[in-house]
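Asker: this is a predicted model, with the sequence first.
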Amino acid sequence: MAASIQAKCSRLICSARRWSGGQRRLLVTSSGKAPKGEKASGGGGFPFRPRPLPLLLVTGGGYYGYQHYKKREDGAPPALATPAQVALYRSFPTRLLSRAWGRVNQVELPTWLRKPVYSLYIWTFGVNMQEAAVEDLSHYRNLGEFFRRRLKESARPLCSASCLVCPADGKIVHLGRVLASEVEQVKGVTYSLEHFLGPRGEGASPADSPEATPPSFRAGLLSSPDNHLFHVVVYLAPGDYHRFHSPADWTVDLRRHFPGSLMSVSPGVAGRVKELFCLNERVALSGRWRHGFFSFTAVGATNVGSIRVYFDQELQTNAARDKEGKFHDLRYAAAATAGEGGSARGGVALHRGEAVGEFNLGSTVVVLFEAPRDFAFSVKPGQTVKVGEGLGGL
């Protein structure tokens, strides 16, 4: 009995020695050399060589993530990006990438591939295809047609009680009165009203125009000193309906196209980049409605270099020849008088809820308008809205 127990113990000790030797060989192989005092065929030691750079990256990244999380927990707003950070962001070839993305959107997909591709997009961004005029996914030949799909006529009824309706599906980012020359793109982050709309003269660079004092530019937009200037910003996410509509009955006199960057306009980026809407490419339509000044601006974004306005066949955005810092004007009243377009004399008349144009993907629209002092918004920031819903009234 004792001999049997001794034999079993001997076998266990031999097995342990073989396992230990294998582990030592594994450690030597992973570390590249044998521990001090031993040959390469055996020995013990620390299983990994310390790597200072990865260790620094991991600990530094962990610390930065913790600080970022702590700020979010405390409710502190994110810090504004520095001019160097904005310049670095603008140096990325987003205009070139957006043109490439536009070409990809026009590639016709095989019929068998359309449903899987579109279904993945629908699942990712929560698209409601029951609202689409054509629900059959195989009908859309390419991504562009799918993004710009039409809706059923009954999908977006107009609010009859409001003189101003929502121009696009999306989320209200900011709204309110414009008190001076600085307008809030999100709460606490502003952009220049004059830089956004451009000088009141025609055909010059914003940098070459004489600077107006902030009160004079804002006051120059108002037809009556008893009125106020209001604004509303709507952000369209990638899963939203990508066409935009007229928010009121008004007449467009001027189209002003500003070539520019194509940075993201998501609320997170808008909260960090000051003057984001002035830096990005945009198409500003300006005119008048029954209360005075009225403007509607479609702001481009990454992969949204293509902004189309249905009644303006001359407009071409994100063109390689365009240079930032300049803008291009077209007065519809002058074009109609000269017989260059289908516009009615005196500008282009738009009706409330009428389709005006489309984005290639989600982006942002900004409505600036003059109204009596007692105008009040019926929506609030952060609220999800759809085309035709009331934004406010008198």
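Answerer: Now that the structure is in, tell me what you want to look at.
Asker: how about the helices in the chain?
Answerer: Along the chain, counting by DSSP state H, helices occupy 2-31, 52-74, 83-91, 94-105, 111-125, 143-147, 193-197, 214-221, 267-270, 276-279, 332-337.
Asker: which of those has the lowest mean pLDDT?
Answerer: Lowest mean pLDDT within these: helix 2-31, at a mean of 49.
Asker: can you show me the strands along the stretch 251-394 of the chain?
Answerer: Here the stretch 251-394 of the chain has its strands, by DSSP state E, counting those that start in this stretch, at 282-289, 292-299, 307-309, 328-331, 348-350, 355-359, 364-372, 376-377, 384-385, 390-393.
Asker: and of the ones you listed, who's closest to L120?
Answerer: With C-beta to C-beta, the closest approach to L120 among those belongs to strand 355-359: 20.5 Å. Any C-beta I mention is one placed from the backbone N, CA and C, and that applies to glycine too.
Asker: run a quick neighbour tally on V387.
Answerer: A count of nearby residues for V387, using other C-beta atoms under 10 Å, gives 24.
Asker: ok, it - contacts?
Answerer: Residues in contact with V387 (C-beta atoms under 8 Å, 6 or more residues apart in numbering) are R156, V165, C166, P167, A168, D169, Y241, R243, F244, H245, G353.
Asker: from P247, how far off is the third one?
Answerer: The span separating C166 from P247 equals 7 Å under the rule C-beta to C-beta, to the nearest Å.
Asker: now the last one
Answerer: Counting by C-beta to C-beta, the gap from G353 to P247 is 8 Å.
Asker: the two - which one has more neighbours?
Answerer: It is P247, of G353 and P247, that has more neighbours when counted by other C-beta under 10 Å, with 29 against 20.
Asker: read off the pLDDT value for the more buried one.
Answerer: According to the model, P247 scores 95 on pLDDT.
Asker: just G43 next, same as before
Answerer: pLDDT at G43 comes out at 46.
Asker: same thing with G37?
Answerer: Reading off the confidence values, G37 has pLDDT 47.
Asker: check S378 too.
Answerer: 92.
Asker: pretty sure it contacts L394?
Answerer: No: using C-beta atoms under 8 Å, S378 makes no contact with L394, being 11.3 Å away.
Asker: so S138 versus Q106, what's the distance?
Answerer: 18 Å.
Asker: do the same with V385
Answerer: For V385, the distance to Q106 - C-beta to C-beta - is 30 Å.
Asker: compare these two and say which one has the larger neighbour count.
Answerer: Set side by side, V385 and Q106 show more neighbours around V385, with 19 against 11, by other C-beta under 10 Å.
Asker: excluding sequence neighbours, find me the nearest residue to that one.
Answerer: Distances taken as C-beta to C-beta, 6 or more residues apart in numbering place C166 nearest to V385, at 4.5 Å, with adjacent residues excluded.
Asker: also F217?
Answerer: Residue nearest to F217 in three dimensions, not counting chain neighbours: E194, with 4.8 Å by C-beta to C-beta, 6+ apart.
Asker: thought that neighbour was touching E182?
Answerer: No: E194 is beyond contact range of E182, at 9.9 Å (criterion: C-beta under 8 Å).
Asker: the more surrounded of those two?
Answerer: More neighbours surround E194 than the other of E194 and E182, with 23 against 17 (other C-beta under 10 Å).
Asker: okay, stretch 139-154 in PDB with CA atoms only?
Answerer: Only the C-alpha atoms of stretch 139-154 are listed here, as PDB (Å, rounded to 0.1, in the frame of the first residue of the first chain):
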ATOM      1  CA  HIS A 139     -37.600  49.900 -56.700                       C
ATOM      2  CA  TYR A 140     -34.700  52.100 -55.700                       C
ATOM      3  CA  ARG A 141     -31.800  51.600 -58.200                       C
ATOM      4  CA  ASN A 142     -29.100  53.200 -56.100                       C
ATOM      5  CA  LEU A 143     -28.500  54.700 -52.600                       C
ATOM      6  CA  GLY A 144     -29.200  58.200 -53.900                       C
ATOM      7  CA  GLU A 145     -32.700  57.300 -54.900                       C
ATOM      8  CA  PHE A 146     -33.300  55.600 -51.600                       C
ATOM      9  CA  PHE A 147     -32.000  58.500 -49.500                       C
ATOM     10  CA  ARG A 148     -34.200  61.000 -51.500                       C
ATOM     11  CA  ARG A 149     -37.300  58.900 -51.500                       C
ATOM     12  CA  ARG A 150     -40.700  60.600 -51.700                       C
ATOM     13  CA  LEU A 151     -43.300  60.200 -49.000                       C
ATOM     14  CA  LYS A 152     -47.000  59.500 -49.200                       C
ATOM     15  CA  GLU A 153     -49.100  62.700 -49.500                       C
ATOM     16  CA  SER A 154     -50.900  61.800 -46.300                       C
END
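Asker: and that stretch, what's buried?
Answerer: Y140, L143, G144, E145, F146, F147, R148, R149, L151 (16 or more other C-beta atoms under 10 Å).
Asker: check contacts around the residue lying closest to L279 once chain neighbours are set aside.
Answerer: Of all residues not flanking L279 in the chain, S261 sits nearest, at 5.0 Å (C-beta to C-beta, 6+ apart). By C-beta under 8 Å, 6+ apart, S261 lies in contact with R90, T94, R95, L279, N280, E281, E324.
Asker: can you give me the neighbour number for S192?
Answerer: If you count neighbours by other C-beta under 10 Å, S192 ends up with 17.
Asker: who's it bridged to?
Answerer: Bridge pairing for S192 (DSSP bridges) gives the partners E182.
Asker: my read: it touches E184, true?
Answerer: No: if you go by C-beta under 8 Å, S192 and E184 don't touch, sitting 11.7 Å apart.
Asker: hang on, the earlier thing: which residues are common contacts for C166 and P247?
Answerer: Joint contacts of C166 and P247 (C-beta under 8 Å, 6+ apart) are L391.
Asker: for the spatially closest residue to L151 that is not a sequence neighbour, which residues are in contact?
Answerer: The shortest distance from L151 to any non-neighbouring residue, by C-beta to C-beta, 6+ apart, is to E131 (5.1 Å). E131 sits next to L151, K152, A155, Y241 when contact means C-beta under 8 Å, 6+ apart.
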